[in-house]
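1. got a structure for you, letters missing:
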């Protein structure tokens with residue numbers, strides 16, 4: 001460690017020899033405060049368990065074993081705070097979906113699940129990085145969810161020091177076989193409080209949270225928006241006939257604007273038709289050339305290739321994350 005003192009009593013410790021799981025340490029000797037930037041890699045062979053109620057004491061013990069600090073786990077648990085944290089989940093893809101061989105199928109199943117236009121997908125499909133990132137356009141919060149092959153990522157040269165610290169590195173790598181890592185970032189105090197449903201940043205409060213922030217983020221991306229989207233979009237056309245609206249925008253574009261959400265589109269059709277004409281437009285009639293209800297499904301199939309209701313891979317991912325939360329692997 002190289003120690004650089006500052007005038008306010010803070011001491012910045014830079015690590016000259018990499019220590020897996022610790023990126024930086026700040027020590028305030030005046031107030032006996034420590035700020036650590038690190039990860040679950042300090043758990044070495046138990047890395048994939050993440051930092052949770054199950055592993056918190058082991059994580060603190062791992063930091064102490066470096067010989068740099070001497071932290072009291074109970075004191076950290078009661079008085080420590082999280083300034084930022086990632087939520088991570090390891091989804092076993094089993095024998096049905098092989099990440100190395102069937103990545104395109106997995107990738108497409110994740111991509112077509114996106115229903116929220118405020119999230120943009122970014123695809124990584126190289127030999128050393130197979131992943132998808134959904135990045136939200138919201139400016140007030142960092143909304144980011146990543147899916148990637150964990151074994152591929154952990155096999156990179158940058159993780160050699162981590163494997164050297166493990167008692168059985170081959171076993172750790174074997175545990176990563178065909179694991180899909182799902183990861184989201186919580187980088188502001190406001191986001192942490194809202195997503196974990198807590199009043200403070202206290203370690204104990206966050207580790208005992210019953211919220212499921214990763215599933216909530218996934219729902220933001222895969223569940224259609226609020227039913228008033230079309231009302232807001234077309235509020236400049238009060239009293240117009242639905243034929244005129246259709247000529248301006250096209251029914252398929254209207255359906256896409258509503259994220260294929262049937263209740264939203266049904267409310268919209270009712271807004272621009274009379275009671276007697278609604279059924280004709282919605283369900284189709286003997287002389288009708290179109291059924292908007294049927295067109296919703298046809299448009300979604302054309303655009304997405306598969307509906308969320310039949311997306312077995314995404315259903316498996318969501319169920320696995322839900323099961324993960326029951327084991328308290330939340331931080």
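-> Done, it's in. Because the structure is predicted, anything quoted here is derived from the model rather than measured.
2. got a pLDDT number for the closest residue to residue 171 other than its chain neighbours?
-> Of all residues not flanking residue 171 in the chain, residue 45 sits nearest, at 7.0 Å (CB to CB, 6 or more residues apart in numbering). Where C-beta positions appear, they are placed from N, C-alpha and C, glycine not excepted. At residue 45, the model reports a pLDDT of 96.
3. In this structure residue 45 contacts residue 170, no?
-> No - contact criterion CB atoms under 8 Å: residue 45 and residue 170 do not qualify, at 10.7 Å.
4. distance of the residue nearest to residue 171 from residue 63?
-> Counting by CB to CB, to the nearest Å, the gap from residue 45 to residue 63 is 16 Å.
5. Ok, residue 98 next?
-> 37 Å.
6. more crowded one of these two?
-> residue 63 (22 against 14; other CB atoms under 10 Å).
7. what's the helix or strand for the more buried one?
-> Residue 63 belongs to helix 56-64 when assigned by DSSP states H and E.
8. Check which helices and strands that helix sits against.
-> Here helix 56-64 touches helix 73-79, going by 3 or more CB pairs under 8 Å, 6 or more residues apart in numbering; DSSP states H and E.
9. May I see the buried residues of the helix it packs on?
-> For helix 73-79, burial by neighbour count (16 or more other CB atoms under 10 Å) applies to 73, 76-77.
10. residue contacts, residue 44?
-> 20-21, 62, 162, 165-167, 172 (CB atoms under 8 Å, 6 or more residues apart in numbering).
11. Just the buried ones from the residues you listed?
-> 20-21, 62, 162, 165-166, 172.
12. Nearest to residue 127 among these?
-> Nearest to residue 127 out of the buried ones among the contacts of residue 44 is residue 162 (CB to CB; 20.4 Å).
13. so what does the strand or helix carrying the closest one touch, helix or strand wise?
-> Using DSSP H and E, residue 162 maps to helix 160-165. If you count contacts as 3+ CB pairs under 8 Å, 6+ apart, helix 160-165 packs onto helix 169-175.
14. for this structure, which spans come out with low pLDDT?
-> 1-18, 224-239, 259, 285-289, 301, 303-310, 328-331 (pLDDT under 70).
15. Okay, domains of it per the record?
-> Domain assignment for the chain by automatic domain parsing gives 1-80, 83-223+311-331, 229-290.
16. buried sites along the helix holding residue 63?
-> Buried residues in helix 56-64, counted by 16+ other CB under 10 Å: 56, 58-60, 62-63.
17. Same list, those, but as a markdown table with distance to residue 272 please.
-> Output for those, formatted as a markdown table (distance: CB to CB, whole Å):
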| residue | distance to residue 272 |
| --- | --- |
| 56 | 57 |
| 58 | 61 |
| 59 | 58 |
| 60 | 62 |
| 62 | 63 |
| 63 | 63 |
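18. what's around residue 189, how many residues?
-> 14.
19. Just give the nearest non-adjacent residue to it, would you?
-> Excluding its sequence neighbours, the residue lying closest to residue 189 (CB to CB, 6+ apart) is residue 201, at 6.1 Å.
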